[in-house]
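# just coords:
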């Protein structure tokens, strides 16, 4: 039987699909803001009721405190509150207390400051301190009383020198917390780095249909951007394409999490730097184009890199050498996804993938990252473009089920049609590690160039 929450999400996604099918056939519209809030609230309920208790028990955390002030929110804050909550209220303290599985009551969720988030939290008050100023010392006294009532064996806080997602407790709040708890409870504090990291990283299956639809929008926009609709060889610059993409997102109600890039390679010129902000380049026939493009919607981010070729007069496809360059990166994708196994660290996957790639004579680089609530998401890094020997700390995290990754990589290939000149192909496509550990594309990958006629 489908649970009521899951059924509601399914109905909303179905209605959105019907609406999208009657749109203009280009960029699919998002649901109304009100509908988006309903969908996101239901996702949040599943995460708090299913994902969080399991992780607290996995990491042996009796109580978890997320403490933040307005406009200095913890990175995990937005993943714990309703979509209609845009910031902490002066100071918001979220306390999660595991009452134990034997009681069948799960994890108690308490809010000291802020609201109930649509009934998902109990707003904690105490008549004895009700008349005190609840945003200052009174709030800390309230927290102290809450903790003394529940007497947790461990109290987890978000402090980490390795993971930004686990380092949200500011220095000032850390000092005040220790003062409020005193020696007795301060000695129970632990730094449970993997709890916030894995909470953010874990992707509930209910989110995937919407993420697939959003990814379809990305592919559609890139297909249009790399076509005669947008590009007029000899006139259009790479920056014209960048701003066309940005404007399409804005006009369609989508957000962006980084400025897109469109780079140009051609015979007789070097490989452009991905880090340089170069002057606009006019796109000519025979050019190879590379895009890096990501959007945001319903609290999720995408990250995609595609390639295009601008046909010369009389051509109907890219030259064989250029097609081989793309095939090399497709092979790298296959290698990486074969090595990505639940329980392996990012550094282990990286080393294994590099060894296989080199044995096949491909000159490539892996720099894959998790994705989801954030573009560069929580979880294990599988290389960085400048750290192919492994990434200490962030690469030592293990792959977990129900996580999403941006399979990002690149290869350099000598092109016979360009007199042996090297050409760079960068590919990035989002993928899912499901509950069984199977790795598959969110939508599909690019195996052929977009062709600008």
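Sure, I can see it. What you see is a predicted model, and the numbers here were worked out from it, not measured in a lab. Residues are numbered from 1 along each chain as shown.

# From here on, just use CA atoms for contacts and neighbour counts.
Noted.

# can you map out the helices along the stretch 1-150 of the chain?
Along the stretch 1-150 of the chain, the segments classed as helices by DSSP state H, counting those that start in this stretch run 4-21, 33-46, 52-58, 137-150.

# worst average pLDDT in these?
Sorting the helices of the stretch 1-150 of the chain by mean pLDDT places helix 4-21 lowest, at a mean of 44.

# What residues sit buried inside the longest helix seen in the chain?
When the chain is parsed with DSSP state H, its longest helix is helix 320-339. Across helix 320-339, burial judged by 16 or more other C-alpha atoms under 10 Å covers 321-323, 325-330, 332-333, 335-337, 339.

# The helix or strand that it is followed by - contacts with which helices or strands?
Once the chain leaves helix 320-339, the next helix or strand it forms, by DSSP states H and E, is helix 346-359. The contact analysis (3 or more C-alpha pairs under 8 Å, 6 or more residues apart in numbering; DSSP states H and E) places helix 346-359 against helix 320-339, strand 363-366.

# Figure out which of these is closest to residue 436.
Closest to residue 436 of the helices and strands packed on helix 346-359 is helix 320-339 (C-alpha to C-alpha; 14.4 Å).

# Between helix 346-359 and that closest one, find me the angle.
Calculated by axes from the mean of the first three to the mean of the last three C-alpha atoms, to 10 degrees, helix 320-339 forms an angle of 140 degrees with helix 346-359.

# Can you tell me which helices and strands helix 320-339 packs against?
When contacts are defined as 3+ C-alpha pairs under 8 Å, 6+ apart, helix 320-339 packs onto helix 346-359, strand 403-415, strand 421-433.

# Buried residues of stretch 153-167, list them for me.
In terms of neighbour count (16+ other C-alpha under 10 Å), stretch 153-167 has its buried residues at 154-160, 163-167.

# ok, now stretch 42-52?
Neighbour counts over stretch 42-52 (16+ other C-alpha under 10 Å) mark 42-45, 47-48, 51-52 as buried.

# can you put the residues you listed in JSON lines and add distance to residue 80?
Shown next, in JSON lines, are the buried residues of stretch 42-52 (distance: C-alpha to C-alpha, whole Å):
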{"residue": "42", "distance to residue 80": "12"}
{"residue": "43", "distance to residue 80": "10"}
{"residue": "44", "distance to residue 80": "7"}
{"residue": "45", "distance to residue 80": "9"}
{"residue": "47", "distance to residue 80": "8"}
{"residue": "48", "distance to residue 80": "8"}
{"residue": "51", "distance to residue 80": "11"}
{"residue": "52", "distance to residue 80": "10"}
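
# how about the helices in the stretch 201-350 of the chain?
Using DSSP H, counting those that start in this stretch, the helices of the stretch 201-350 of the chain run over residues 208-225, 238-252, 320-339, 346-359.
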